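Visitor: Can you look at this prediction? I've put the sequence above it.
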Amino acid sequence: MTFTGWLTIVVFVVVLTALAWPLGRYMAAVYTGEHTFMDRILRRPERWLYRILRVDATRGQDWKAYAKSLIIFSLAGWLLLYVILRTQGLWSFTGLNPEGFHSAPWNVTFNTTSSFLTNTNWQYYGGETTMSYFSQMAGLTVQNFASAAVGIVVAVALVRGLVSRSGKSIGNFWQDLIRTVLYLLLPLSIIIGIVLVSQGSIQTFEAYLTVHGVSGLTQTIATGPVASQEAIKLLGTNGGGFFNVNSAHPFENPNGFTNLVEMLAVLLIPAAMVFMYGRMVGKPRQGYAIFATMMVMFLGAAVVAYVAEAHGSPAQHAAGLHTGVIAGSSGGNLEGKEQRFGIAGSALFNVVTTVTSCGAVNSALESFTGIGGAVPFANLSASEVIFGGVGTGLYSILLYVLLAVFLGGLMVGRTPEYLGKKIEAREIKLVSLGILITPLAALFATALATASAAGRASIDTAVAGHGPQGFSETFYAYLSQANNNGSAFADYTGLIQPNAGNLGSHGITFADLLGGFEMMFARYAPMLFALAVAGSLAGKRVSPAGLGTMRTDNATFVVLLIGVIVLVGALTFFPALLLGPIVQGLTGHLYS
Amino acid sequence: MKRDIISSAIGIVVLTLLCGIVYPLFIAGVSQVAFPGNANGQQIFVDAKLVGSKIIGQNFGDPVINKKTGKVEMSHGNPVTTPDPHYFQTRPSGTTPADNAAGSSFANYGPNSTVTLAAIKSNIQTYIALNGRYYPGGLTAAKVPVDAADTSASGIDPEISIANADIQAYRIAAIRHLSLSTVHRLISKYTLGRGLGFSGEPGVDVLEINLALNRLSPSTR
């Protein structure tokens, strides 16, 4: 461990907070229809879009109408993306398929489409060997925007339900969707995209480069419109890399500075939404309490991961390597990590992207040490509430808040209420279902995949061996897809690609379909429960806080909330975690 | 229902045009004007020939010639290479062939695996075989910097640690008949620092330093 390593973590947290707070204010203004400084530029295109889409943005929707619009819009997006990906060759006339890639097989495309629709960006394909520029731009990038916006609007709708004083409306889906894209995602993506290019990320439509290497070997370098996709991939907590190795690729993440910018881009909106929340409910302290909860858990994860990775791995020690800091090298477990990020930059990046539903990686999770790798596991086991995905993080933690309020109410023996609204049996039923669906999907799918030969076909035993690593990577695959994260212990695969071009590639149907259905189920079911909670709360009257009302904006509540999150995660996942990462973390034994 | 379907269909097409076509074109336009070098991948030309990208690692190896047949040895359709001692060597790569910038991939070596142990041991052996006899006092596994023994993430890591470069410097100086201080000067010249002075780790850009070496003392081949 080094001083600069710790400094990176500290600076990151400070800058993140400093940027998220004003953005939260701005977002609150955007979603409550207040005036913002962007109105002058964006008001007119916004109105055009309403006209083109034939929507009446002033009309409020109840939760069912809101959910219906959301589901139908998502279905339309699924169909278009599937068609674009399956007809990849037909779009070569645009000049945006210089490598002449064919479409990926149907089963892999099913998985990929479901993956980008659900903000997961789980990738069984390698970007630069499978996807044309056209597919990356008009297909994947579009869903990076759309899926992020869909996540955000659900959270906004839930907040409206909490503050609504009367009536049933939780807002208008179309207005929320368009405002999210226009006022939030596009401007931020443009800024981040240009910053990335200024540092060495690329944005070109030319064919791959052929290089006459210095020692006489030929090298082909994949290129493409990378920066535009990279920016939204991070801001929208999508995580699908333009290249197979994601943010480890020098064109996606060229240096230590961009690494910092990219980490900030991932957590910016999820953190801002917590401040937005406090503002929208008119009680900033409620937002601060949630922010504190998230930050405590985040810092815990970051510290454990950094210490574990800096210590080095059993395999390194068995080979006789010295993994301490020496002059000119920061040591540690550099297996599957890039020199320019070092241990701290790699550990922190992967913590940032696994607490959120981003799932981008700048180093190989599969090669993290047992404990270092257990951190992403733990983050996913907490169901993406430590900041979480854009929108999903806020609505998921609000479900946990309601659960904590309920448990707190049981302890002190009073009717639980939150922000003056009574939390009753109906809400708690919806909340419990909303919280339990993701773990249920993850464990069910993992069980299916480990218990069946079809599932085990995805494990490459030549690399993973027959030890706990094979279980770890399977479990991680379905945990990641259930949480719509998308990061991977990347040895687990659903696509066999024999050649650099994608001729002759074929999918592993079992893994592709199981993962695809799991992602959609674990995305839309909790969303519907969150919207149902919003609808249920919207109609409730607000009663003034009394002496016996449990406060939800102080340290006691933060501790209670962390306790509930950890308890639910631990009770659900501990047995499974024990079989994989924890075993590996506790032993120096090498498995063959 | 019908209204939703119409709005959805139009909506997704409009979003495709806006976010999938206009937005990437806009970023491309701005970058190609403001940062043309970066936007096209920092291509480096020598004698009008493209020799690489500054930020993409490449294989500084020589094809292995089979002594019996006189042909280049092949493995799975790719030439087998051996490190060219005239050049600084990049980190071990998990791609096939090594440093494949058209198909980046992780090696995915697990922390508790004998496969990983074997890979690391083999990397250490290669490194010691290449540099050991030039390094004062010789090299042992414990003296090999981790970045020289561990596979990179991208498989095309353009940088090596300063400790790694310092060890290779002895070999380069001896083979190219340069003074050690000259090589050290190049190392500090082509070291890329931390972001903002603290983010990440410094590293030596291997392509750039090798090109500088060629300018100083042309490769013997």
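Guide: Perfect, thanks for sending it.

Visitor: for the residue of chain A found nearest chain B, what are its contacts?
Guide: Closest to chain B within chain A is residue A:256: 2.4 Å, counting by CB to the nearest CB. Glycine gets a C-beta too; all of them are placed from N, C-alpha and C. Residue A:256 makes contact with A:340, A:341, A:342, A:345, B:194, B:195, B:196, B:199, B:200, B:201, according to CB atoms under 8 Å, 6 or more residues apart in numbering or on different chains.

Visitor: from these, which is closest to residue A:125?
Guide: Closest approach between the contacts of residue A:256 and residue A:125, by CB to CB: residue A:341, at 24.4 Å.

Visitor: And for the closest one, the neighbour number?
Guide: Around residue A:341 there are 31 other residues, counting by other CB atoms under 10 Å in any protein chain shown.

Visitor: Now do it, the pLDDT please.
Guide: Here the pLDDT value assigned to residue A:341 is 98.

Visitor: pretty sure it is in contact with residue A:362, am I right?
Guide: Yes: using CB atoms under 8 Å, residue A:341 is in contact with residue A:362, at 5.7 Å.

Visitor: got any residues that touch both of these two?
Guide: A:253, A:259, A:349.

Visitor: Considering these, which possesses the most neighbours?
Guide: Neighbour count (other CB under 10 Å) singles out residue A:253 as the most crowded of those, with 32 neighbours.

Visitor: Could you verify my assumption that that residue touches residue A:362?
Guide: Yes: between residue A:253 and residue A:362 there is a contact under CB under 8 Å: 5.7 Å.

Visitor: anything in contact with each of these two?
Guide: A:247, A:259, A:262, A:341.

Visitor: Run through the residues that contact the third one.
Guide: When contacts are counted by CB under 8 Å, 6+ apart, residue A:262 is found next to A:196, A:230, A:234, A:247, A:253, A:349, A:360, A:362.

Visitor: next one: residue A:528
Guide: residue A:67.

Visitor: now residue B:121
Guide: Neighbouring residues of residue B:121 by CB under 8 Å, 6+ apart: residue A:319.

Visitor: measure it to residue B:95 for me?
Guide: 20 Å (CB to CB, to the nearest Å).

Visitor: Residue B:32 now?
Guide: 29 Å.

Visitor: These two - which one has more neighbours?
Guide: residue B:95 (23 against 16).

Visitor: Give me the pLDDT for the more buried one.
Guide: Confidence score, pLDDT, at residue B:95: 93.

Visitor: quick revisit: could you dump the shared contacts of residue A:341 and residue A:362 into TSV and include pLDDT, secondary structure and distance to residue A:486?
Guide: Below are the shared contacts of residue A:341 and residue A:362 laid out as TSV (pLDDT from 0 to 100; DSSP: H, G, I helix; E, B strand; the rest coil; distance: CB to CB, whole Å):
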residue	pLDDT	secondary structure	distance to residue A:486
A:253	98	coil	16
A:259	98	helix	19
A:349	97	helix	14
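
Visitor: The residue of chain A closest to chain B and residue A:235, how far apart?
Guide: For residue A:256, the distance to residue A:235 - CB to CB - is 20 Å.

Visitor: Give me the neighbour count for residue B:83.
Guide: Neighbours around residue B:83, by other CB under 10 Å: 21.

Visitor: What about it? Give its phi and psi, please.
Guide: Phi and psi for residue B:83, reported as degrees, to the nearest 10, are phi -60, psi 130.

Visitor: Next up, the contacts around it.
Guide: B:60, B:61, B:62, B:89, B:126, B:130.

Visitor: From the residues you listed, list the ones also adjacent to chain A.
Guide: Restricting the contacts of residue B:83 to those near chain A by CB under 8 Å from any CB of the partner chain leaves B:60, B:61, B:62.

Visitor: contacts with chain B among the shared contacts of residue A:341 and residue A:362, please.
Guide: Checking those against chain B (CB under 8 Å from any CB), the matches are residue A:259.

Visitor: Out of the shared contacts of residue A:341 and residue A:362, which is nearest to residue A:131?
Guide: Distances from residue A:131 to the shared contacts of residue A:341 and residue A:362, taken by CB to CB, are shortest for residue A:253, at 18.7 Å.

Visitor: The closest residue to that closest one other than its chain neighbours: what's it in contact with?
Guide: Excluding the flanking residues, the one nearest residue A:253 by CB to CB, 6 or more residues apart in numbering or on different chains is residue A:247, at 4.3 Å. Residue A:247 makes contacts with A:230, A:241, A:253, A:259, A:262, A:349, A:360, A:361, A:362, as judged by CB under 8 Å, 6+ apart.

Visitor: cool, residue A:432 as well?
Guide: Neighbours of residue A:432 in contact, by CB under 8 Å, 6+ apart: residue A:403.

Visitor: how close does it get to residue A:560?
Guide: Per CB to CB, residue A:432 is found 17 Å from residue A:560.

Visitor: what do you get for residue A:35?
Guide: Distance of residue A:35 to residue A:560, computed by CB to CB: 38 Å.

Visitor: residues in contact with residue A:317?
Guide: Contacts for residue A:317 (CB under 8 Å, 6+ apart) come out as A:323, A:588.
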